[in-house]
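Asker: Let's see this in three dimensions:
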Amino acid sequence: MSTISLQLAAVIGAGTMGRGIVMSLANAGVQVLWLDNNPQMLEQALGVVADTNAHNVRQGRISEAEAAERLARVRAVDGYAALADADLVIEAVYENLELKQSIFRELDKTLKPTAILASNTSALDIDAIAAVTARPGQVLGLHFFSPAHIMKLLEIVRGAHTDKAVLQAAVELGQRMGKVSVVAGNCDGFIGNRMLATYVREARAMLLEGAYPHQVDAALQGFGFAMGPFRMYDVVGIDLEWRARQLAGEGQDAAEVQVDNRLCELGRFGQKARMGYYRYAEGSRQAEHDPEVDALVLEVSESLGYTRREIGPEEILERCLLALVNEGAKILDEGIAASSHDVDLVYLNGYGFPADKGGPMSWADGQGLASIRDRLDDLRARFGDHWQPAALIDRLAASGQRLSDVKEGRA
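Answerer: Next up is the predicted model:
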């Protein structure tokens with residue numbers, strides 16, 4: 001058991017993620033201080049929390065007394081000085097390293113020496129954030145998934161210097177909030193988003209080669225995914241990555257993102273704009289196939305010099321699934337994940353992988369790693385060296401072992 005007691009938490013940021021994190025904490029009985037540099041946005045966010053509690057009362061999920069107690073645990077504050085006694089602060093602002101570092105410098109100056117400083121980053125370097133503080137042992141990542149008060153997964157990211165007691169306190173807090181907590185090492189994208197990047201790269205590449213968004217999504221949903229990658233982008237907002245690329249000043253010229261770029265230039269940001277890869281009727285979340293998007297995909301593909309071909313559901317599945325498995329094996333080999341089961345937990349609870357398949361690593365073990373290696377080699381011959389089988393897959397296939405035999409990065 002941890003010796004660190006987390007009684008008073010603070011959240012910085014009143015956007016979508018901040019709201020969900022505040023509710024996750026308050027619903028678990030934790031007192032929460034809430035800070036945002038925009039008082040009006042904070043006031044609106046408190047209203048959203050109250051409305052969500054009232055909705056849960058109407059649904060019979062909680063009593064009015066419980067709703068009142070949850071709301072009473074949340075207190076808006078107007079400056080860093082008010083956070084001085086917090087045991088834990090979770091920063092939940094947008095993905096910009098310099099901004100997060102400036103916040104952590106301020107927190108490090110203001111908070112008591114024993115306080116834990118956490119970032120809700122989904123991909124940024126935890127060690128680079130910790131480095132601007134005098135307490136790197138008390139810095140870690142708490143990557144909640146959106147909407148944070150509903151989604152079960154919590155990636156707890158350990159930095160190079162994160163103390164074991166701090167990590168344990170975070171795991172216990174995750175349990176208290178009813179989360180499925182998975183500890184991840186520090187790398188670009190951690191476990192979930194690092195794997196997702198390879199999966200989405202294949203999906204986007206196939207659009208240029210000959211497939212259409214509804215075909216890719218249909219193949220993956222037919223396999224059992226909650227939604228395919230393009231439906232997922234419509235739900236989260238196509239513009240998030242587009243704006244992040246603009247902010248970073250890189251990545252906008254890659255062939256694979258040109259369809260996304262064009263959609264965003266047309267204001268087709270996804271479900272919130274009632275059009276993205278699909279169309280949505282007023283007040284509906286039902287994705288409707290849009291021939292205009294097919295025409296745009298065709299135009300972008302041809303303008304980039306691609307000769308389009310028919311791509312069937314078998315190839316779509318093969319490339320998307322094996323991209324996940326191969327990157328998952330690299331993550332396991334590097335010790336970023338402690339076990340293949342942890343990788344599977346991330347994909348089952350955060351990314352809609354079909355539960356009956358057990359997760360990407362379990363699915364790969366069921367296929368047999370010799371088969372997986374041979375299929376990766378075939379993809380490498382057809383599409384290039386980014387398909388080279390992970391060294392771990394080669395080793396395990398040669399010795400007849402499974403991914404589930406690997407513990408702490410070693411077979």
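
Asker: ok, residues contacting the one helix or strand residue 65 maps to?
Answerer: Following DSSP states H and E, one finds residue 65 within helix 64-72. Helix 64-72 is contacted by residues 23, 26, 27, 49, 50, 53, 54, 56, 57, 62 when judged by Cβ atoms under 8 Å, 6 or more residues apart in numbering. Using the backbone N, CA and C atoms, a C-beta is placed for each residue, glycine as well.

Asker: how does it look with 7 Å?
Answerer: The contact list for helix 64-72 (Cβ atoms under 7 Å, 6 or more residues apart in numbering) reads 26, 27, 49, 50, 53, 54, 56, 57.

Asker: cool, stretch 112-127 as well?
Answerer: With Cβ under 7 Å, 6+ apart, stretch 112-127 has contacts from 17, 21, 84-92, 95, 97, 100, 104, 107-108, 129, 133, 138-144, 157, 159-160, 166, 169, 186, 188-189, 193.

Asker: quick one: terminal-to-terminal distance for it?
Answerer: Chord length of stretch 112-127, first to last residue, is 21 Å (Cα to Cα, to the nearest Å).

Asker: May I see the buried residues of it?
Answerer: Going by neighbour count (16 or more other Cβ atoms under 10 Å), the buried part of stretch 112-127 is 115-127.

Asker: now it, how far from the chain's geometric center?
Answerer: How far stretch 112-127 lies from its chain's middle: 16 Å, per Cα atoms, centre = their mean, to the nearest Å.

Asker: what does stretch 206-220 give?
Answerer: The chain centroid and the centroid of stretch 206-220 are separated by 22 Å under Cα atoms, centre = their mean.

Asker: mind listing what's buried in stretch 393-401?
Answerer: Residues 393, 394, 395, 396, 397 are the ones in stretch 393-401 that count as buried (16+ other Cβ under 10 Å).

Asker: do the same with stretch 169-182
Answerer: In stretch 169-182, counting by 16+ other Cβ under 10 Å, buried: 169, 170, 171, 172, 173, 174, 177, 179, 180, 181, 182.

Asker: Name the nearest residue to the fifth one, sequence neighbours excluded.
Answerer: Spatially, and ignoring its direct neighbours in sequence, residue 173 is nearest to residue 6 (5.6 Å; Cβ to Cβ, 6 or more residues apart in numbering).

Asker: quick revisit: filter the buried residues of stretch 169-182 down to the ones in strands?
Answerer: 180, 181, 182 (DSSP state E).

Asker: For the residues you listed, give me a markdown table that also has pLDDT.
Answerer: What follows is those, written out as a markdown table (pLDDT from 0 to 100):
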| residue | pLDDT |
| --- | --- |
| 180 | 97 |
| 181 | 97 |
| 182 | 97 |
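
Asker: any chance of those residues in JSON lines, plus distance to residue 252?
Answerer: Shown next, in JSON lines, are these (distance: Cβ to Cβ, whole Å):
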{"residue": "180", "distance to residue 252": "35"}
{"residue": "181", "distance to residue 252": "35"}
{"residue": "182", "distance to residue 252": "32"}
